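>>> I'd like to go over a predicted model; first the sequence, then the structure.
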Amino acid sequence: MTTELPTLMDCEEVVQRLWPYLDGALPEGERTRVLAHLVGCTGCTSHYDFAQAFLDAVRAAAPAVDAEFATLRTRVESSLRS
Amino acid sequence: MPATNGLAGPEPGMTLADPESFESVALPHLPAVARVARALTRDVSDAEDLVQETFLRALRHWNTFAQGSDCKRWLATICRNAHFAQRRREDVVTAVEDETLEALGAANPHRSARAAGLNDLFDRFDLGPAIRREIENLVPAFRDVVTLYDIEGFSYEEIAELLTIPVGTVRSRLYRARRLLQEALIAHAIDSGYGNTPAVESK
């Protein structure tokens, strides 16, 4: 029995799928092909690492953003009680 | 990305919420609702009115909220419905936004950062204040999508439904917003004197 190997992706195809790959939004077959490319390509892996670090930094910055809504929360709480 | 489960409300057979739990369960989602409202209205004052209306509606219908289900998404749906109930949707002419083109540019900021000796920019520095500032500086169409996706964890499809725009437009705006944010943060680091090594471009 033979197993059909997936078609290899080149760097441009992988870069084009970098965000949806990081977002977990690629179909399973494409996700596997991107992963297979990343394993053997240090250039694309470094793009991946940079993009992942960026997303982590954005998500880590989020809680402090919520402080801007403190006044609005007070207003909403007041309206709910009235 | 966190898994998302659509915008559905309570399902049959689930336990309904305790009336006393509104403040502790619903109100903590106010920042998320405010971001949805801002994305829908594009106006600070209108957004605040919409948030208030959303929570008033939510309180009125709290007895229909299924305990343990996703309150943030339940509130987001109420917010969206309240918005479209308040005003008829205006037709917005949106410039063609090319998802594929944006996706192809995903690695450009990294190439710029590497050339400036900032390959480890996001690991080396605390960029929290700069990130918050640059998100606010984005054009609203980009800011809305990046906050709803990267901060609030809504899915592409949920944002498309909330903002009544195609999923492809959500992706295009999200990828562009991330690129713009990265470029702004790299410029911020260089301006602060952290970019140092000569530009050496590899792949």
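Yep, that arrived.

>>> next, count neighbours for A:Gln52.
Using other Cβ atoms under 10 Å in any protein chain shown, the number of residues around A:Gln52 comes to 13. Using the backbone N, CA and C atoms, a C-beta is placed for each residue, glycine as well.

>>> the one 5 residues further on now?
A:Ala57 sits with 21 neighbouring residues when counted by other Cβ under 10 Å.

>>> ditto for B:Arg80
With other Cβ under 10 Å as criterion, B:Arg80 counts 22.

>>> please name the residues that touch it.
Listed by Cβ atoms under 8 Å, 6 or more residues apart in numbering or on different chains, the contact set of B:Arg80 reads B:36, B:40, B:161-162.

>>> when you check chain A, which of those turn up near it?
Checking the contacts of B:Arg80 against chain A by Cβ under 8 Å from any Cβ of the partner chain, not one of them is in range.

>>> in chain B, what secondary structure element scores lowest on mean pLDDT?
Every helix and strand in chain B was compared by mean pLDDT, DSSP states H and E; the lowest is helix B:99-104, with a mean of 78.

>>> briefly note if that helix comes near chain A.
Yes: using Cβ under 8 Å from any Cβ, helix B:99-104 comes into contact with chain A via B:100, B:103-104.

>>> so the residue most central in space within chain B: helix, strand or coil?
Central residue of chain B (Cα atoms, centre = their mean): B:Leu148, 1.6 Å from the mean position. Classification of B:Leu148 using DSSP: H, G, I helix; E, B strand; the rest coil returns helix.

>>> circling back to that earlier point, nearest to B:Pro129, of the contacts of B:Arg80?
B:Val36 (24.4 Å; Cβ to Cβ).

>>> for the particular helix or strand that has that closest one in it, packing partners?
Using DSSP states H and E, B:Val36 sits in helix B:30-41. Other helices and strands packing on helix B:30-41, by 3 or more Cβ pairs under 8 Å, 6 or more residues apart in numbering or on different chains; DSSP states H and E, are helix A:70-81, helix B:44-60, helix B:71-86, helix B:140-146, helix B:156-163.

>>> okay, and for chain A, where does confidence drop off?
Chain A contains residues with pLDDT under 70 at A:1-6, A:63-66.

>>> show me which residues of it sit near chain B.
So chain A meets chain B at A:11-12, A:15-20, A:22-25, A:43, A:46-47, A:50-51, A:53-62, A:64-66, A:68-69, A:72-73, A:75-77, A:79-80 (Cβ under 8 Å from any Cβ).

>>> of those, select the buried ones using a ChimeraX command.
Remark: buried members of the residues of chain A next to chain B, expressed as a ChimeraX selection using 16 or more other Cβ atoms under 10 Å in any protein chain shown:
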select /A:15,16,17,18,19,20,22,23,25,46,47,50,51,53,54,55,57,58,61,62,65,66,69,72,73,76,80
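
>>> hang on, the earlier thing: scan the residues of helix B:99-104 next to chain A and report the most crowded one.
Neighbour-wise, the residues of helix B:99-104 next to chain A (other Cβ under 10 Å) top out at B:Ala103, 18 neighbours.

>>> who touches it in this structure?
A:15-20, B:171, B:175.

>>> and if we set it to 10 Å?
By Cβ atoms under 10 Å, 6 or more residues apart in numbering or on different chains, the residues touching B:Ala103 are A:15-20, B:171-172, B:175-176.

>>> distance of it from A:Val14?
11 Å (Cβ to Cβ, to the nearest Å).

>>> count the neighbours of the nearest residue to B:Cys79 once chain neighbours are set aside for me.
Closest residue to B:Cys79 apart from its sequence neighbours, by Cβ to Cβ, 6 or more residues apart in numbering or on different chains: B:Thr54 at 4.3 Å. Counted with other Cβ under 10 Å, residues neighbouring B:Thr54 total 27.

>>> ok, B:Thr54 - contacts?
A:76, B:26, B:29-30, B:33-34, B:36-37, B:75-83.

>>> what residues are up against the residue lying farthest from the centre of chain A?
Here chain A reaches farthest from its C-alpha mean at A:Ser82, the gap being 42.6 Å by Cα atoms, centre = their mean. Applying Cβ under 10 Å, 6+ apart, one finds that A:Ser82 lies in contact with B:Leu56.

>>> pLDDT on stretch B:69-85, on average?
What stretch B:69-85 shows for mean pLDDT is 90.

>>> contacting residues for B:Phe84?
B:40, B:164.
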